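**Q** Sequence first, then the predicted structure:
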There are 2 protein chains.
Amino acid sequence: MDTTHRTTTDQQKPADQRRRELLEAADRVVLRDGPQASMNAIAAEAGITKPILYRHFGDKGGLYRALATRHTDALLAALRAALDAPADRRRRVESTLDTYLASIEAMPQVYRFLMHPAEEPHQSEQGFDVGRHSAPLLRRMGEELGQVIAERIDLGPGGEAQARIWGHGIVGMMHAAGDWWLGERPCSRQELVHALADVLWGRLAQAQDRPDGPGF
Amino acid sequence: MDTTHRTTTDQQKPADQRRRELLEAADRVVLRDGPQASMNAIAAEAGITKPILYRHFGDKGGLYRALATRHTDALLAALRAALDAPADRRRRVESTLDTYLASIEAMPQVYRFLMHPAEEPHQSEQGFDVGRHSAPLLRRMGEELGQVIAERIDLGPGGEAQARIWGHGIVGMMHAAGDWWLGERPCSRQELVHALADVLWGRLAQAQDRPDGPGF
DNA sequence: CACTGCTGTTACCGCAAGTAACATACCTCC
DNA sequence: GGAGGTATGTTACTTGCGGTAACAGCAGTG
């Protein structure tokens, strides 16, 4: 036996390469047809047939997870870079927001796919699994931002919990505003970035009520 | 002829009633099986067969849209009430956040369904239709909040645009934080509400850097 | 040579969306 | 009272997708 050794030396390289090729083909199809791309279409694009896809990725969810992980990793790397740039806090926040928005603006199809992954019907009785629908990308971004906040900002006792909440909340704000902006394009990217940073800087709390209204 | 008159007097009432019955049956199934409930299952629950559902709602997307509209309207009404309560701004923000979180906490299945509606493949060539995946509920909440902010708070020139951005952003923050919280339950609802209101009140901007880190 | 493990295929199953085509009751108008 | 339109309901079908046998060729190894 010792198949492990042999496979790692002889077969693993071509297998991994094949897997990458399949992922790239899947990428092309998903970018063209959207997340509802069929396994048949992906297999055809790769020049093969369905069962091979299933041998490599298990099921459709597996393939989509592999695809999503690639893109998510790339986006997270870009965001980390913006978050680590040497500048004051406001600039860094704006730069991170802008990096995110520029990414989704440049590749809306990828973005759409990442936010809407796989939908495995999967009737495994996991009871209340609320939250699975939200893309893993959002969770990962939220966790990372929460960690960054907890590491760098002094929030006193209970600060880690607060930081995680803020991480998820701020990421959600970025996501929802970006999603809406990408669909309607009501303003420039700069304006959007500025407005979002403003709300994080407390302008909602500081602004005056309108003279005639009851205030917000 | 004059079928219009007849239908409005004789047929419309039973037709509407039937439609409501069908929607309630669909509701039960969706709440039990999740958004992937099949049309057959819904028809069976209603005691009829598939084609009737299609005559009433067109396609699965139509049924799901009708269902979503009902729940969305209910949630929006609750939020409007919280937003209109007589209290200072901070209290009102907290009360609105709490209303939302209490709702999704009380009916996670409904929430899950609303955030993940129907997935109509719909290959109509609408080009970049990014953003459709995000539930209409989020858009409606964002628009309404933006309007409320624009009405009640004086943001100077360009304030309406800013208010809309804030509306969608804040709703997104609420949604993402709530989604994460509902899945992991890392803290009490009160704590979550407080932390989210805090970030809107600029605590992220005001907090001190940790002594050893480069700050956020 | 037989054996193992990988690649690939065709052909099938099950299931869900959606659609005829047909049957039946009611109500209206002549 | 009979003709016709309209809503109600049915069974039976098509299409398409996810997923799975079952089988076939082709390497390297004892």
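**A** Thanks, I have it. This is a predicted model, so every value here is computed, not measured.

**Q** how about the strands in chain A?
**A** Per DSSP state E, chain A carries strands over the ranges A:153-154, A:208-209.

**Q** a markdown table please, covering those and showing mean pLDDT, mean neighbour count and distance to residue A:144.
**A** All C-beta spots, glycine's among them, are computed from the backbone N, C-alpha and C. Shown next, in a markdown table, are the strands of chain A (pLDDT from 0 to 100; neighbours: other Cβ atoms under 10 Å in any protein chain shown; distance: least, Cβ to Cβ, whole Å):
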| stretch | mean pLDDT | mean neighbour count | distance to residue A:144 |
| --- | --- | --- | --- |
| strand A:153-154 | 92 | 17 | 15 |
| strand A:208-209 | 84 | 12 | 36 |
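
**Q** Dump these to CSV, plus distance to residue A:80.
**A** CSV is the format used below for the strands of chain A (distance: least, Cβ to Cβ, whole Å):
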stretch, distance to residue A:80
strand A:153-154, 17
strand A:208-209, 38
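
**Q** Surely residue A:23 touches residue A:68?
**A** No. The pair residue A:23 and residue A:68 fails to qualify as a contact (Cβ atoms under 8 Å) at a distance of 10.7 Å.

**Q** Of these two, which one has the most company?
**A** residue A:68 (22 against 19; other Cβ atoms under 10 Å in any protein chain shown).

**Q** Distance to DNA strand C added to the strands of chain A, as TSV?
**A** Below are the strands of chain A laid out as TSV (distance: least, Cβ to the nearest atom of the strand, whole Å):
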stretch	distance to DNA strand C
strand A:153-154	47
strand A:208-209	48
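
**Q** Which among those is found nearest to DNA strand D?
**A** Among these, the nearest to DNA strand D by Cβ to the nearest atom of the strand is strand A:153-154 (43.3 Å).

**Q** Dump the C-alpha coordinates for stretch A:98-115 into CSV.
**A** Extracted C-alpha coordinates of stretch A:98-115, given in CSV (Å, rounded to 0.1, in the frame of the first residue of the first chain):
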residue,chain,number,x,y,z
ASP,A,98,-13.5,52.3,-0.5
THR,A,99,-11.5,49.1,-1.0
TYR,A,100,-14.6,47.1,-0.4
LEU,A,101,-16.8,49.2,-2.6
ALA,A,102,-14.2,49.3,-5.4
SER,A,103,-14.0,45.6,-5.3
ILE,A,104,-17.7,45.0,-5.6
GLU,A,105,-17.9,47.7,-8.2
ALA,A,106,-15.2,46.0,-10.3
MET,A,107,-16.7,42.5,-10.1
PRO,A,108,-20.4,42.7,-9.5
GLN,A,109,-21.0,39.1,-10.7
VAL,A,110,-18.4,37.7,-8.2
TYR,A,111,-20.0,39.8,-5.5
ARG,A,112,-23.5,38.6,-6.3
PHE,A,113,-22.3,35.1,-6.2
LEU,A,114,-20.4,35.4,-2.9
MET,A,115,-23.5,36.9,-1.2
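
**Q** ok, it near chain B or not?
**A** Yes. Shown here: stretch A:98-115 in contact with chain B (Cβ under 8 Å from any Cβ of the partner chain) through A:104, A:108-109, A:111-112, A:115.

**Q** tell me the domain ranges of chain A?
**A** A:12-58, A:68-120+A:133-206 (automatic domain parsing).

**Q** Among those domains, which comes closest to DNA strand D?
**A** Per Cβ to the nearest atom of the strand, nearest to DNA strand D of the domains of chain A: domain A:12-58, 3.6 Å.

**Q** The closest residue to residue A:95 other than its chain neighbours: what's it in contact with?
**A** Closest residue to residue A:95 apart from its sequence neighbours, by Cβ to Cβ, 6 or more residues apart in numbering or on different chains: residue A:82 at 4.6 Å. Contact criterion Cβ atoms under 8 Å, 6 or more residues apart in numbering or on different chains gives A:92, A:95-96, A:98-99 as the residues in contact with residue A:82.

**Q** so who does residue A:187 touch?
**A** Residue A:187 touches A:181, A:195, B:161, B:165, counting by Cβ under 8 Å, 6+ apart.

**Q** in the residues you listed, which two residues are the furthest apart from each other?
**A** A:181 and B:161 (11.0 Å; Cβ to Cβ).

**Q** quick one, which of these two is more surrounded?
**A** residue A:181 (25 against 17).

**Q** Could you check the pLDDT of the residue lying closest to that one once chain neighbours are set aside?
**A** Sequence neighbours aside, residue A:192 is the residue nearest to residue A:181 in space, at 5.3 Å (criterion: Cβ to Cβ, 6+ apart). If you check residue A:192, the pLDDT there is 98.

**Q** same thing with residue A:120?
**A** Value for residue A:120, per-residue pLDDT: 40.

**Q** now residue A:1
**A** Residue A:1 is given a pLDDT of 41.

**Q** Using JSON lines, lay out the contacts of residue A:187 together with distance to DNA strand C and pLDDT.
**A** Below are those laid out as JSON lines (distance: Cβ to the nearest atom of the strand, whole Å; pLDDT from 0 to 100):
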{"residue": "A:181", "distance to DNA strand C": "30", "pLDDT": "97"}
{"residue": "A:195", "distance to DNA strand C": "39", "pLDDT": "97"}
{"residue": "B:161", "distance to DNA strand C": "37", "pLDDT": "95"}
{"residue": "B:165", "distance to DNA strand C": "35", "pLDDT": "98"}
